[in-house]
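1. Just to be clear, the model below is a prediction. Sequence and coordinates:
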Amino acid sequence: MTNATIHMEGQLHAPAHGAVATGAVHAKGQQHPIKLYLVVWGWLFVLSTCSYLVDYFGLHGYLRWSLILLFMMLKAGLIVAVFMHMAWERLALAYAILLPPIAVLVFVSIMVLESEYTHLLRVLFFATPS
Amino acid sequence: MAETVLTNPGHSTARLEGWRGIAADWASDQRAFKNVSWGKAMMWIFLLSDTFIFSCFLLSYMTARMSTTVPWPNPSEVFALNIGGNHIPLILIAIMTFVLISSSGTMAMAVNFGYRRDRVRTAILMLVTAAFGATFVGMQAFEWTKLIMEGVRPWGNPWGAPQFGASFFMITGFHGTHVTIGVIFLIAIARKVLRGDFDVERRGFFTSRKGYYEIVEIMGLYWHFVDLVWVFIFAFFYLW
């Protein structure tokens, strides 16, 4: 129960583990150096600050939206990959969980078209002076 | 230890990797996610279903907002606060975001110390996480109170499109419920950790199978998910 437990699924492990892990007493399950979590935590703070600054400086248009989506995806990616350990899970599980939400994007695009159509009809027939 | 080996994500029993591994796993007549314990797989599947629920809320909000001809309130101003004579846009939500991210940081560390069987540190970190969560809910209560006082209702608000109130209470309310349940869940598991239930393999709610600190990780998955959802709410509801 000593060394065998260190070998988890493996691929992304080599850089993350390093010196901290080898010396520590090992139990079962997800074992990563605390430093990795602190680094991710720091990045989440930085990215959140960036998101907030996008609003604070009042950026507009495509620049605003690309930045907001970029910071959002980076934050979500860090949380899922490191905090939720998805980077080290079996691929079969990762794909089963990560692929279905992508189908939501199809739904999003359908509803964007639909709401623009509804908006058009409202402007044409029920427009309120604003 | 036979049972542990079967459900232990730490043991790699020469299974195929990559695409061949996926095909082998999904074609399996035993368990689809080899080396992933039931507890973890089931929590992930629950979270996937929750993802769809939150997606539907955010999608309906998007549809309402894009199709209305009535002006939508500016969230940057709605959630601004006056602190020390300065008018700071969206500051309340920014602070709430940092509080929740910090709770995710302490939770991740709690999972780590759990697997190291450091009971006291694990329990303390879980309780700190719960405290951050409770702070978040408290700030949300403040946010709700402020908006209700300003006249926001599920059917209207003083600044324009009535759907703003409906989406606001629905989305933040559902998320806040998740945080509240998470805080209760955290305190319950922290108590078990502190009492040493996982060391003596005591049977009980959520620990009936074996004394193994994986429940801390499973609970962590739930907690990180709540933070994850907030990332999207922050982007789509407050920054839009």
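-> That came through, no problem. Numbers count the residues shown, from 1 in each chain, chains lettered A, B, ... in the order given.
2. Just the element for residue A:47, please.
-> Assessed by DSSP states H and E, residue A:47 sits inside helix A:34-56.
3. after that helix, next one along is what?
-> The helix or strand immediately downstream of helix A:34-56 is helix A:61-78, counting by DSSP H and E.
4. Per-residue pLDDT of residue B:208, please?
-> Looking at residue B:208, its pLDDT is 56.
5. Okay, buried residues for stretch B:121-131 please.
-> B:122, B:123, B:124, B:125, B:126, B:127, B:128, B:129, B:130, B:131 (16 or more other CB atoms under 10 Å in any protein chain shown). Heads up, the C-betas are built off the backbone N, CA and C, glycines and all.
6. Please list the outside residues in contact with that stretch.
-> With CB atoms under 8 Å, 6 or more residues apart in numbering or on different chains as the test, stretch B:121-131 has contacts from B:103, B:106-107, B:109-110, B:113-114, B:183, B:186-187, B:189-191, B:193-194, B:213, B:216, B:219, B:223.
7. For the buried residues of stretch B:121-131, give me a markdown table that also has pLDDT, secondary structure and distance to residue B:33.
-> Below are these laid out as a markdown table (pLDDT from 0 to 100; DSSP: H, G, I helix; E, B strand; the rest coil; distance: CB to CB, whole Å):
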| residue | pLDDT | secondary structure | distance to residue B:33 |
| --- | --- | --- | --- |
| B:122 | 95 | helix | 25 |
| B:123 | 96 | helix | 29 |
| B:124 | 96 | helix | 32 |
| B:125 | 96 | helix | 28 |
| B:126 | 96 | helix | 26 |
| B:127 | 97 | helix | 31 |
| B:128 | 97 | helix | 31 |
| B:129 | 97 | helix | 27 |
| B:130 | 97 | helix | 29 |
| B:131 | 97 | helix | 34 |
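8. Name the nearest of those relative to residue B:99.
-> Residue B:99 lies nearest to residue B:131 out of the buried residues of stretch B:121-131, by CB to CB, at 9.8 Å.
9. Sketch out the low-pLDDT regions of the chain for me.
-> Looking at chain A here, since you left the chain open. Filtered on pLDDT under 70, chain A yields the residue ranges A:1-28, A:127-130.
10. ah, I was thinking of chain B
-> Chain B contains residues with pLDDT under 70 at B:1-14, B:205-211.
11. As JSON lines, the buried residues of stretch B:121-131 with distance to residue A:60 would be great.
-> Conversion of the buried residues of stretch B:121-131 to JSON lines gives the following (distance: CB to CB, whole Å):
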{"residue": "B:122", "distance to residue A:60": "46"}
{"residue": "B:123", "distance to residue A:60": "47"}
{"residue": "B:124", "distance to residue A:60": "45"}
{"residue": "B:125", "distance to residue A:60": "41"}
{"residue": "B:126", "distance to residue A:60": "42"}
{"residue": "B:127", "distance to residue A:60": "43"}
{"residue": "B:128", "distance to residue A:60": "39"}
{"residue": "B:129", "distance to residue A:60": "37"}
{"residue": "B:130", "distance to residue A:60": "39"}
{"residue": "B:131", "distance to residue A:60": "38"}
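12. on contacts alone, who are the packing partners of the helix holding residue A:47?
-> Applying 3 or more CB pairs under 8 Å, 6 or more residues apart in numbering or on different chains; DSSP states H and E, we find helix A:34-56 packed against helix A:13-23, helix A:61-78, helix B:91-115.
13. from the ones you listed, which stretch is densest packed?
-> Ranked by average neighbour count under the criterion mean count of other CB atoms under 10 Å in any protein chain shown, the helices and strands packed on helix A:34-56 are headed by helix B:91-115 at a mean of 23.
14. Now do residue B:120: how many residues are near it, please.
-> 10 (other CB atoms under 10 Å in any protein chain shown).
15. same thing with residue B:56?
-> The tally of other residues near residue B:56 (other CB under 10 Å) stands at 12.
16. check contacts around it.
-> For residue B:56, the contact set (CB under 8 Å, 6+ apart) is empty.
17. so which strand or helix has it?
-> Counting by DSSP H and E, the element that carries residue B:56 is helix B:38-67.
18. What are the phi and psi values at residue B:196?
-> phi 90, psi 20 (degrees, to the nearest 10).
19. Was I right to think it contacts residue B:119?
-> Yes: with contact defined as CB atoms under 8 Å, residue B:196 reaches residue B:119; the gap is 6.2 Å.
20. Neighbour count: the two, which is higher?
-> Higher neighbour count among residue B:196 and residue B:119: residue B:119, with 19 against 12, using other CB under 10 Å.
21. Leaving out chain neighbours, which residue sits closest to residue B:230?
-> Excluding the flanking residues, the one nearest residue B:230 by CB to CB, 6 or more residues apart in numbering or on different chains is residue B:100, at 5.3 Å.
22. which other residues reach stretch B:151-166?
-> So stretch B:151-166 is contacted by B:61, B:64-65, B:68, B:70-74, B:78, B:147, B:150, B:168-170 (CB under 8 Å, 6+ apart).
23. Can you go through these and name the buried ones?
-> Buried members of the contacts of stretch B:151-166, scored by 16+ other CB under 10 Å, are B:61, B:64, B:65, B:68, B:72, B:73, B:78, B:147, B:168, B:169.
24. so which two of these are the farthest from each other?
-> The largest separation in those, counting by CB to CB, is between B:68 and B:147 at 18.9 Å.
25. How far off centre is stretch B:170-181?
-> In terms of CA atoms, centre = their mean, to the nearest Å, the centre of stretch B:170-181 is set 9 Å apart from its chain centre.
26. Flag every buried residue along the helix holding residue B:56.
-> Across helix B:38-67, burial judged by 16+ other CB under 10 Å covers B:39-41, B:43-44, B:47, B:50-51, B:54-55, B:57-67.
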